[in-house]
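Q: structure for this input, please:
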Amino acid sequence: MVKGKAIKKVLSEGLEYAKDKGAKGAGIVAIEKVVDVVDNPYLAAAEGAALGFAVGGPVGALAGGAIGWLLADEIRVAPCDLVAIPAYQYSAMLAGVPPTFQIFVKEGEMIAPIQPTDAMTSTAAIENLATKVAPKPRKLTKWQKYLKQKKNKIYFKSGKKKGQLNLKAMGKEYRRGK
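A: So this is what the prediction gives:
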């Protein structure tokens, strides 16, 4: 997710949540609610700070940044009994359809950060492979090295080619130098 879009999303969701609760203290809850999804600690801290500033000013920014940093990618302990459902079934559950499966998380159990998916690992492998397979640039030949040096350049002094490189004369000098 692009950082700008992420911050906009966090601000809009957090402000809506805070307006529903009607109190500045709800901003901290909104920060916790939205930042839990993010797994980059720097991005999570920035989003938390932005949301905290929108809700509670500079103090809220400090609290939001700290909460975002702490909740970013750490093992969390479940504060109470929870029921976990697949994310893709959340909207159906809100519509009244029961989820396909549920996982009961007891109070005090640890919830670890997500592991990379198959798609994430294969994408990373392809990117690494692309950098390893890239061909090396070829070495310059002696003639190319000779042409690069400014002291070896011979220019036409008159005629219609005046100012252009005289490659014929340069070739003679190059062969003579061998």
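
Q: what about the closest residue to Gly60 other than its chain neighbours, which SS state?
A: Using C-beta to C-beta, 6 or more residues apart in numbering and skipping residues adjacent in sequence, the residue nearest Gly60 is Gly52, 3.6 Å away. C-beta here means a position set from N, CA and C on the backbone, and glycine is covered the same way. Look at Gly52: counting by DSSP: H, G, I helix; E, B strand; the rest coil, its state is helix.

Q: Gly52 is in contact with Ala63, isn't it?
A: Yes: using C-beta atoms under 8 Å, Gly52 is in contact with Ala63, at 5.3 Å.

Q: compare these two (neighbour count), which wins?
A: Gly52 (28 against 19; other C-beta atoms under 10 Å).

Q: gap between the more buried one and Ile126?
A: Distance of Gly52 to Ile126, given as C-beta to C-beta, to the nearest Å: 38 Å.

Q: what do you get for Gln149?
A: Per C-beta to C-beta, Gln149 is found 42 Å from Ile126.

Q: just to revisit the earlier point, tell me the spacing between the residue nearest to Gly60 and Lys150.
A: Taken as C-beta to C-beta, the span from Gly52 to Lys150 is 60 Å.

Q: now Ala46
A: 50 Å.

Q: same check on Ile85?
A: Counting by C-beta to C-beta, the gap from Ile85 to Lys150 is 71 Å.

Q: settle it for me: which of these two has more neighbours?
A: Each of Ile85 and Lys150 has its neighbours counted (other C-beta under 10 Å); Ile85 has more, 15 against 5.

Q: next up, the contacts around the nearest residue to that one once chain neighbours are set aside.
A: Here the nearest residue to Ile85 in space, its sequence neighbours aside, is Pro99; by C-beta to C-beta, 6+ apart that works out to 4.1 Å. Contacts for Pro99 (C-beta atoms under 8 Å, 6 or more residues apart in numbering) come out as Ile85, Pro86, Gln89, Ala92, Met93.

Q: closest to Lys160 out of those?
A: Lowest distance from Lys160 to the contacts of Pro99 (C-beta to C-beta) belongs to Pro86, with 76.7 Å.
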